[in-house]
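# Quick one, fold the following:
(one chain, ligands or ions: 1)
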Amino acid sequence: MEEAVKLENFMEWATALGISDSPFINVDKDELQCPNHRQASSCLGQTLSISYFPNAGGRGLCAVRDLQKGQLILRVPKSALMTSQSLILNDHRLSISIPKFSLSSTQILTVALLNEVAKGKRSWWYLYLTQFPSNYDILSSFDQFEIQALHSYVSTFLGWDINWQLDDATWAAEKALEKAKMEWESATTIMEELMFKPHYMSFKAWIWASASISSRTMHIPWDAAGCFCPVGDLFNYAAPGEEQVLYGDLTVADTGARLDGEQSDAQSLRLTDGVFEEESAAYCFYARRNYRKGDQVLLSYGTYTNLELLEHYGFILDGNPNDKAYVPLPSDLHSLCSWPGDSLYIQQNGKPSFALLSAMRLWATPTHLQKSVRHLAYSGSPVSNANEIIVMEWLAKKCRLVLKSLTSIKEDKSLLSVMDKEFESAMELKCALLGLTDETCAFLKNNNLLNNEIIDLPRKAIRSLDKWKLAIRWRVKYKMMLCDCISYCITVINDLS
Ligand SMILES: C[S@@+](CC[C@H](N)C(=O)[O-])C[C@H]1O[C@@H](n2cnc3c(N)ncnc32)[C@H](O)[C@@H]1O
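The predicted structure follows:
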């Protein structure tokens, strides 16, 4: 079935379920049942339409008229939400098996999703499931080459031993992969009991299902794994900024199942513009700011760094106000202050975070004076001009050192421009990349493209190219933060000297 036909069928299905962007959707439920109530011909068209935004998430939702901040723009009834509960209730075998195993809520939804997908056209959710991407670029789907590309040490692709700590990004990617493997392994027994075909039992299928959950679910109060919200999951992401909509007393909401633990504090719950409303038994979406007709309408899934966006959603933002860069810090710094390690970072604009500045100022103070200046450092004030200069010089030097061990921004950008071309064949890609850098050769080798017999570009290589590009774009952003930090430090030093 062609994509356009699939989408059309899905929209008809969604309309029949009562999903609606009508400005009158707030009417009483009984009124909606009333025979005189006009039946909408499509669930979209009065407020939103599906459109394509090549540089901002691909398929997304567009305002078909001017919208005011706080306006209700989409309503998805509870009965249209695909949850573990709804999947299990409609599947006798699943309902017998699930209680027998000790699985996390996300594992349950993963198994239930794969079980549903395996039904193909027999699934009640089939038309919705056809709208899921066939693959994802989240970190747990990165292979070793793609993980390594996040931090292209000058020497990495030469196979030299680099005596530097495993960096943050590599660690996050390896941890994500390991976690996915563990969750998959511990769910194999139930998948065997459910007699999954080998295809649906595979780790690849597991990654697909868990990536679907990670990037497409919305928070619901009754299941930490969240729910799939047809049509509501077509909103692309914008980082929360000044236009945050505060819904003081409404039930929590956020796209993504990560609100279960670390994100579930009051602060993050306020950064939302989609919410499950118990009283109307529906997921409701509100405009987070004013939009003009034709604008893409965006949703804030939460506050994420680019690495976190990559981990959970498989993309990064070019201008992410919440991005952070970490550099190795003096080993004795942590014992001097109580700031958690993850609060010691360089901000997207290159300025050191409050905690990093405060900890560094203390660290740069002679031991016998530290007690007397602690209050100054902890309140965010400079300790002295001389101290400030030591801190700035140290930070600038560290950033330069880190940058020196990595490929340059210029090299990365020129590599990106080569990769941005449309490659028709394996030979074309090989010609473009062969002999450019050690990294490009490693890519060709990793994808078996050095073999002259391969004519067509394998799908795996195309997907790997996409993930490699993401990794390079991520590392460029990282290095730019370090460059901006150096400029910031130089300015401060010059001002104080
Ligand atoms: C909830 S879906 C949004 C709809 C999605 N574009 C679609 O066609 O189904 C989330 C996914 O959309 C993409 N996405 C959302 N916002 C994006 C953005 N600002 N830039 C790039 N990709 C984005 C990412 O692939 C993400 O995992």
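# For the stretch 151-300 of the chain, which segments are assigned as strands?
217-220, 223-228, 236-237, 274-277, 282-286, 296-299 (DSSP state E, counting those that start in this stretch).
# and the ones you listed, which is most packed in?
strand 217-220 (a mean of 26; mean count of other C-beta atoms under 10 Å). (Each C-beta comes from the backbone N, C-alpha and C, glycine too.)
# Quickly check: that one near the ligand or not.
No. Between strand 217-220 and the ligand, judged by C-beta under 6 Å from any ligand atom, nothing touches; the nearest distance is 8.6 Å.
# Which elements pack onto that strand?
Applying 3 or more C-beta pairs under 8 Å, 6 or more residues apart in numbering; DSSP states H and E, one finds that strand 217-220 contacts strand 223-228, strand 274-277.
# ok, F354 - contacts?
S343, G380 (C-beta atoms under 8 Å, 6 or more residues apart in numbering).
# and the gap between it and Q347?
9 Å (C-beta to C-beta, to the nearest Å).
# do you know which of the strands of the stretch 151-300 of the chain lies nearest D484?
strand 236-237 (23.5 Å; C-beta to C-beta).
# State the paired neighbours of the closest one in the sheet, together with their directions.
Sheet partners assigned to strand 236-237 using DSSP bridges are listed as strand 296-299 (parallel).
# right, and S210 touches E183 too?
Yes. S210 lies in contact with E183 (C-beta atoms under 8 Å); the separation is 7.1 Å.
# okay, those two: which has more neighbours?
Ranked by neighbour count (other C-beta atoms under 10 Å), S210 and E183 place S210 first, with 26 against 17.
# what pLDDT does the more buried one get?
Looking at S210, its pLDDT stands at 96.
# what's the closest non-adjacent residue to the residue in the stretch 351-497 of the chain that the ligand sits nearest to?
Closest contact between the stretch 351-497 of the chain and the ligand, by C-beta to the nearest ligand atom, is at L470 (9.9 Å). Closest residue to L470 apart from its sequence neighbours, by C-beta to C-beta, 6 or more residues apart in numbering: D137 at 5.7 Å.
# Run through the residues that contact that neighbour.
The contact partners of D137, by C-beta under 8 Å, 6+ apart, come to L310, G314, F315, R463, D466, K467, L470.
# Save those residues as TSV, and put in pLDDT too.
Shown next, in TSV, are the contacts of D137 (pLDDT from 0 to 100):
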residue	pLDDT
L310	96
G314	97
F315	97
R463	95
D466	96
K467	97
L470	97
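# Could you say which of those residues is surrounded by the most neighbours?
When neighbours are taken as other C-beta under 10 Å, the top entry among those is L310 (26 neighbours).
# Which residues of the stretch 51-200 of the chain lie near the ligand?
Contact residues, the stretch 51-200 of the chain versus the ligand (C-beta under 6 Å from any ligand atom): A56, G57, G58, R59, G60.
# Identify the farthest-apart pair in those.
Farthest-apart pair in those is A56 and R59; separation 10.6 Å (C-beta to C-beta).
# Could I get the pLDDT score of the residue with the largest distance to the centre of the chain?
Distance to the chain centre peaks in the chain at H368, reaching 45.4 Å (criterion: C-alpha atoms, centre = their mean). We have a pLDDT of 94 for H368.
# tell me the domain ranges of the protein?
What automatic domain parsing lists as the domains of the chain is 3-78+229-309, 84-218, 323-497.
# and these, which one is worst for confidence?
Looking at those, the bottom one is domain 3-78+229-309 with a mean of 80.
# what's the span of that domain from first residue to last?
27 Å (C-alpha to C-alpha, to the nearest Å).
# From the chain's centroid, how far away is that domain?
Put simply, domain 3-78+229-309 sits 18 Å off its chain's centre (C-alpha atoms, centre = their mean, to the nearest Å).
# and what of stretch 481-497?
In terms of C-alpha atoms, centre = their mean, the gap separating the centre of stretch 481-497 from the centre of its chain is 31 Å.
# Show residues contacting that stretch.
Contact with stretch 481-497 is made by 323-325, 327, 346-352, 385, 388-389, 392-393, 395-396, 399-400, 402-403, 409, as judged by C-beta under 8 Å, 6+ apart.
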